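>>> Let me see the structure of the following:
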Amino acid sequence: MPTQEQIETCFILSYRLTKMYVPIYLVTVDSRTKDVFILAGDETEIIINTNGYWRYL
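Reported below is the predicted structural model:
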C-alpha cells in the first residue's frame, strides 16, 4: 500500500505527464522496497520513494 506522500506525488506526476500527452503504461508498487514505479511514454521511468521524493531512472 502506498504512503500518503506517494499517492500525492503520483497524482501530480500523472497530471503533468498526461497534460503533455504522454501515455502512462504502468503504475505499480515494488513489494520489496515499497517504492512506486511509473512507466510512461517511450523511455520515461519514474520511482517515487516512500517519503514522496521522486527521480527519473
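
>>> Show the pLDDT at the residue most central in space within the chain.
Nearest residue to the geometric centre of the chain (C-alpha atoms, centre = their mean): residue 38, 3.9 Å. Looking at residue 38, its pLDDT reads 98.

>>> Am I right that it is in contact with residue 45?
Yes. Taking C-beta atoms under 8 Å as the definition, residue 38 is a contact partner of residue 45 at 7.2 Å. In short, each C-beta sits where N, CA and C put it, glycine included.

>>> If the closest residue to residue 48 other than its chain neighbours is in a bridge, with which residues?
Nearest in space to residue 48, with sequence neighbours left out and distances taken as C-beta to C-beta, 6 or more residues apart in numbering, is residue 36 at 4.1 Å. Taking DSSP bridges as the rule, residue 36 bridges to residue 29, residue 48.

>>> so residue 36 makes contact with residue 52?
No. Using C-beta under 8 Å, residue 36 and residue 52 do not qualify as a contacting pair, with a distance of 9.6 Å.

>>> which residues do the two both contact?
6, 9 (C-beta atoms under 8 Å, 6 or more residues apart in numbering).

>>> Which stretches in this structure count as strands?
For the chain, the strands defined by DSSP state E cover 24-29, 36-40, 44-48, 54-56.

>>> who's more crowded, residue 36 and residue 52?
residue 36 (23 against 17; other C-beta atoms under 10 Å).

>>> Let me see the contact set for the more buried one.
By C-beta under 8 Å, 6+ apart, the neighbours of residue 36 are 2, 6, 9-10, 27-30, 47-48.

>>> go on, residue 24?
14, 17-18, 38-40.

>>> Show the pLDDT at it.
So residue 24 comes in at 97 (pLDDT).

>>> and residue 31, how far is that from residue 48?
Note on residue 31: its distance to residue 48, by C-beta to C-beta, to the nearest Å, is 15 Å.
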